[in-house]
Structures are given as C-alpha cells and as structure tokens.
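# Have a look at this fold, sequence not included:
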DNA sequence: CTGATACATTGATGACCGTCAATGAAGCAG
DNA sequence: CTGCTTCATTGACGGTCATCAATGTATCAG
C-alpha cells in the first residue's frame, strides 16, 4: 500500500496552497480506487454494516465472486479498507476511517459532523 | 454534465445508510475525474489562484496543450470546474466549490474549516 | 482422507484512458 | 485580408481496466 502524505492544508478547495507532485499522484491513486461504482458501493455497504465478508457482497453488487475479490483488492491496496478478521474460510473487511477522512480533508471537508462517525473499536465489535 | 443527487447522509463513512445505485455511479464519475494526477494538480492550481487559463497550465504540468485541454474537459463535464470568463482568445476556469463540498460530504467530511473556503464571488473578482 | 465452502489468483478478452501531432475555430494586431 | 495567438477537436497508438471462467489455496465437517 502506498502511503499518502498527510496534507497540512486542503489541496483541492478554494485558496489551496501548491501541491507537491508526489502528493498529486498519491491522491489520484486513492480517488481512482473510488472511480468505479462497484467500489463506491462496496465502501458504502461496509460502512453501513461495520464489516462484512466477500460472500455478502456478490449478491447486492450483481458481480461474480472473482470480480468482487478484485475490487476488494484494489480498495485494500489503496488503504481505504482492511482485513478486519478471518474466521474459518471467511474474510471480513472494514473501513479505514482515517484514510477516508484524509481524502475528505484534501478536497476541503472539515471534521465530520458529530454522531456520524463511529470509532474503529465500535466497528470492530461486530 | 451529469447531475449528482444531493446526498442526505455521507455514504462512504462509518455508519452510512444504503446508497442508491444511480448515486454510486454519479459519485464514481466524479471520483474518476480526480483519478489522474494531472487533473488533481489542475484542480489544485486553479484552487490556489482563483482562476486560470489553459495556457497557464501546460508549463507546470509538463503536458502538451491538447492534453491539458482534454483534462479540462473531463473536469468540466464532471462539474468540478467551469468556465469563468472568456477574454479574447483566452479561456479562464474556476472551481465549482459546491461540487467539491458535495464530494467531501459524501465520504464523511463535514463543513469546511472557517477561513479556508472563499465565496464564489470573491473567486470571480480576479 | 473426502467433499464442500469461501476466497484469492491467473489468464483472456473487450472496453476505456492518457498522450501527442495535426488540424480546426475564433479572436486580436496591423 | 494576413498573420499570430489561444484553445478545442480529431485521429491514432500504447497502456490500463473491468469482467468472468478456470484454477489454486485454505478451512471446516464428516
């Protein structure tokens, strides 16, 4: 996974300071991970259920299991999701809230509204 | 330009409600517009200078003029930038702050920190 | 050990994307 | 009108991506 340098300032909102070349690439890589509707839906589904396994995604997405696995890999390599737990033959994934927050910050989003974000610990409670 | 339905809730942050299929596509389209480092840099450059013309972008990006024009078109069709002004043979572009804010909101970003965002009117003052 | 389940990986295929040279369009200077 | 500048569009080429069938890997039940 490629590390995204923590930005001091939003880079893509009005009044932004110049952006280093490497940071542009790192940001583009993460946006690319969200540039497919299937992956946006995966993030949304995981966000709503704290965590879920691959087998719970094929039906709502209408995609084959290898394709879902592929999208999960892209999201994982972008640092947006991670493996929460392996139980038996099942693999559960969860969000990496910090990564999403950094992305929101980059395009000018401030701290999330209270009550919307839950802690990673609560998400892991399952 | 495809209209992005205004989301009632963040869709890609912990605790998000289910996302409509069309919304996933609309979001993915906008993220795709930011999935190239050249386009991230363009947004960053425009954000920092209020508005810029095409000829001011080729040098810092190290890309040919047709390529820059192509990227500007992608960003414009995604609704992230718009033509601010045509003066003579030059075309000036500016951000569409609402579009960036909606994107930030979708992934869990709240209102922008005070002092970072400037109004569209000030940006247009040039 | 055998069969079944859940997932990841590989390979192949069709579609899409980024890039630039060449060309077109539109405005300005003289 | 002529030439110059700025920008958009077209066409072409090489590379990347999304998708699925087939296969491999690992775990569990019996």
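Nice, I can see it. All of these numbers come straight from a predicted model, not from anything done at the bench. Numbers count the residues shown, from 1 in each chain, chains lettered A, B, ... in the order given.

# Tell me if the helix or strand where residue A:42 lies is near DNA strand C.
Per DSSP states H and E, residue A:42 falls inside helix A:37-49. No. Contact of helix A:37-49 with DNA strand C (C-beta under 7 Å from any atom of the strand) is absent, the minimum separation being 11.3 Å. All C-beta spots, glycine's among them, are computed from the backbone N, C-alpha and C.

# tell me, what residue is most central in chain A?
The structure's chain A has its C-alpha centroid closest to residue A:80; by C-alpha atoms, centre = their mean the separation is 2.7 Å.

# Low-confidence stretches in chain A?
Where chain A drops to pLDDT under 70, the residues are A:1-6, A:8, A:110-126.

# where does residue A:84 land in three-state SS?
strand (DSSP: H, G, I helix; E, B strand; the rest coil).

# Tell me the buried residues in the helix holding residue A:42?
A:37-48 (16 or more other C-beta atoms under 10 Å in any protein chain shown).

# do stretch A:49-62 as well
In stretch A:49-62, the ones that count as buried by 16+ other C-beta under 10 Å are A:50-54, A:56-57, A:61.

# near chain B, from the residues you listed?
With the criterion set as C-beta under 8 Å from any C-beta of the partner chain, the members of the buried residues of stretch A:49-62 near chain B are residue A:50.

# number of nearby residues for the residue of chain A found nearest chain B?
Using C-beta to the nearest C-beta, residue A:109 is the residue of chain A that sits closest to chain B, at 1.8 Å. For residue A:109, the neighbour count with other C-beta atoms under 10 Å in any protein chain shown is 29.

# Chain neighbours aside, what residue packs nearest to it?
residue B:109 (1.8 Å; C-beta to C-beta, 6 or more residues apart in numbering or on different chains).

# how far does stretch A:12-19 sit from the chain's center?
23 Å (C-alpha atoms, centre = their mean, to the nearest Å).

# likewise stretch A:57-70?
Counting by C-alpha atoms, centre = their mean, stretch A:57-70 is centred 17 Å from the centre of its parent chain.

# How about stretch A:79-88?
12 Å.

# Any part of that stretch near DNA strand D?
Yes. Applying C-beta under 7 Å from any atom of the strand, one finds stretch A:79-88 in contact with DNA strand D at A:87-88.

# wait, the residue nearest to residue A:109 sits on residue A:101?
Yes. Contact criterion C-beta atoms under 8 Å: residue B:109 and residue A:101 qualify, at 7.4 Å.

# And the strand or helix carrying residue A:52, what does it pack against?
Using DSSP H and E, the element containing residue A:52 is strand A:51-53. Using 3 or more C-beta pairs under 8 Å, 6 or more residues apart in numbering or on different chains; DSSP states H and E as the contact test, the elements touching strand A:51-53 are strand A:90-95.

# can the strand it packs on be found next to DNA strand C?
Yes. Strand A:90-95 is in contact with DNA strand C by C-beta under 7 Å from any atom of the strand, via A:90-91.

# That strand vs helix A:37-49, what angle?
If you take axes from the mean of the first three to the mean of the last three C-alpha atoms, to 10 degrees, strand A:90-95 sits at 90 degrees to helix A:37-49.

# Name the next helix or strand downstream of strand A:90-95, please.
Using DSSP H and E, the helix or strand that follows strand A:90-95 in sequence is helix A:97-106.

# Check whether that next one comes near chain B.
Yes. Residues of helix A:97-106 contacting chain B under C-beta under 8 Å from any C-beta: A:97, A:100-101, A:103-105.

# What residues does chain A have near DNA strand C?
Near DNA strand C, when you scan chain A using C-beta under 7 Å from any atom of the strand, you find A:53-55, A:65-66, A:68-70, A:72-73, A:88-91.
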